[in-house]
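1. Next come a sequence and a model predicted from it.
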Amino acid sequence: MARVEQHVHLEWRGGTCRVKWWSGEYLANGRKRYESKGGFTDEEAAAQHGLDKLYEIRHGIHVRNRDKATLLSDWLDDWLGAMNHAYSTEVAYRSRVEAHIRPYFQGKAIGDIDVLEYRAFKKRVEEKVGTSAAKNVISTFNMILDDAVPRLIKVSPVDRTKRRGKFMKKPKERKRDLSEETVEALARNARTVLGDPGYALVWTMAMTGMRPGELFGLRREHCYPCWPASDPREDPDEADRYADDVKRYGAGGDLMPAIRVQWQAQRTARVSRGEVEYFPPKYASARTLVIPPFLAEMLAGVLASHNRPWVFPSAQGRCLAAQDFNQTYWRTITHGADERPKGPRVRLPRPEIPKVPEFEGRRLYLLRHGHKAWLDEHGHNRYAVEARMGHELGGVEGTYSSVTVAMEQAIMKTLQERWEGLQERLKGETL
């Protein structure tokens, strides 16, 4: 066996040359562990390959042969086990892995997946579930492969080709201006379906921009007029905020009525039917939202009308997140429904529900978008608006800005004026 360098050796077997190099590790018996590669027809090429491997080992970028031979299925187990995401995100990742990625690459070593194999998988998924849904699967697969670098593979086979040719604008959901009359129409339909809590839910979303899960999970201890006096105060690190909230928010005097967004409710597979779990809001965006006087009065009335822990309970008195809200309630609220007259086979009679053309086929979430547009129309401070929406601003603006009492009072004032303007326009109409 010819020695090229202290840790690189060549040997001919049959008609091909094989190179061996020291992996930098030792076996249990104290001898050096070598790696090798055969199939070379030229000693110079084989020797250079061995020297390249030593360079990679010295610089910490070498991937061992046995690591490249790791089955993708085994790496998926490690990757899923190391996840640290929100519950719904982890559920989505696991679903994509088990439904698409693991079955396709069963028995395949991660080092054998090249760009052509990657493209074939992408094509297969697009044919199976469509381009839109395939984007989520491919995005998850990209993360899995990228995280394998440099532990199992030197370079990720993810196909990141630069865009070529004519620019194609991405399709964007078309939005309509949100009018107070549209919100009122939705709220009236929600009252027919869910009672007064339904009416208040629609106006609360339009006036606060809360996310659906945050609305469904809003409990009375975090809602006006109970909060902030009723705040559970579970986090000792938040002691300063608790003290400031009592001085700034509440009922009476110069205090501002407000809602505390502390949790979002989600239906999960870990709880029994009809139950929910509570998680921090998206992006850990716990926040305080001032509300206009009319909404404060409305919420106080709603809480006085029932004894449920949630501000907006379902028709059965449960958390709205425990059901498919869109299918159970929202479609009826937006598309309308025929009258259910009283009769022997009608358990819950109700009047006809008119459709709301502006929201037919549109998401509840667009009320949140509409709230943002209202704030922008009034020219409110950008930092105060983004903080209200549960977003963070980067850079100097995000570091030095804060939401002041004057900013919150201005938001309360313009939202109250929108409500009062609607009442003026609705005068004479029978509700």
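-> Nice, I can see it. Residues are numbered from 1 along each chain as shown.
2. Tell me how far the closest residue to residue 269 other than its chain neighbours lies from residue 244.
-> Across the structure, with C-beta to C-beta, 6 or more residues apart in numbering as the measure, the residue nearest residue 269 apart from its sequence neighbours is residue 91 (7.5 Å). In this view, the C-beta of every residue, glycine as well, is placed from N, C-alpha and C. Residue 91 sits 36 Å away from residue 244, taking C-beta to C-beta, to the nearest Å as the criterion.
3. Could you do residue 298 as well?
-> Note on residue 298: its distance to residue 244, by C-beta to C-beta, is 26 Å.
4. Looking at the two, which one has more neighbours?
-> In terms of neighbours (other C-beta atoms under 10 Å), residue 298 is the more surrounded of residue 298 and residue 244; the figures are 21 against 13.
5. give me the element that one is part of.
-> Assessed by DSSP states H and E, residue 298 sits inside helix 293-305.
6. So which residues make contact with the strand or helix carrying the residue nearest to residue 269?
-> Under the criterion of DSSP H and E, residue 91 resides in helix 87-96. Under the criterion C-beta atoms under 8 Å, 6 or more residues apart in numbering, residues 80, 83, 85, 136-137, 140-141, 266, 268-269, 277, 279 lie in contact with helix 87-96.
7. before we move on, what about stretch 393-403?
-> Outside stretch 393-403, the residues that touch it by C-beta under 8 Å, 6+ apart are 381-384, 386-388, 392.
8. Is the closest residue to residue 38 other than its chain neighbours in a helix, a strand, or coil?
-> The spatially closest residue to residue 38, leaving aside those adjacent along the chain, is residue 18, at 3.9 Å (C-beta to C-beta, 6+ apart). Assigned with DSSP: H, G, I helix; E, B strand; the rest coil, residue 18 falls in the strand class.
9. now do residue 173
-> State at residue 173, reduced to three classes by three-state DSSP: coil.
10. What is the burial count for it?
-> Burial of residue 173, expressed as a neighbour count using other C-beta under 10 Å, amounts to 8.
11. for residue 419, same thing?
-> Based on other C-beta under 10 Å, the number of other residues close to residue 419 is 20.
12. how near is it to residue 372?
-> Following C-beta to C-beta, the distance that separates residue 419 from residue 372 is 18 Å.
13. With residue 117 instead?
-> Relative to residue 372, residue 117 is positioned 43 Å away (C-beta to C-beta).
14. partners of the helix or strand encompassing residue 289, with directions?
-> Here residue 289 is covered by strand 287-290, with elements defined by DSSP H and E. Partners of strand 287-290 in the sheet, by DSSP bridges, are strand 258-261 (antiparallel).
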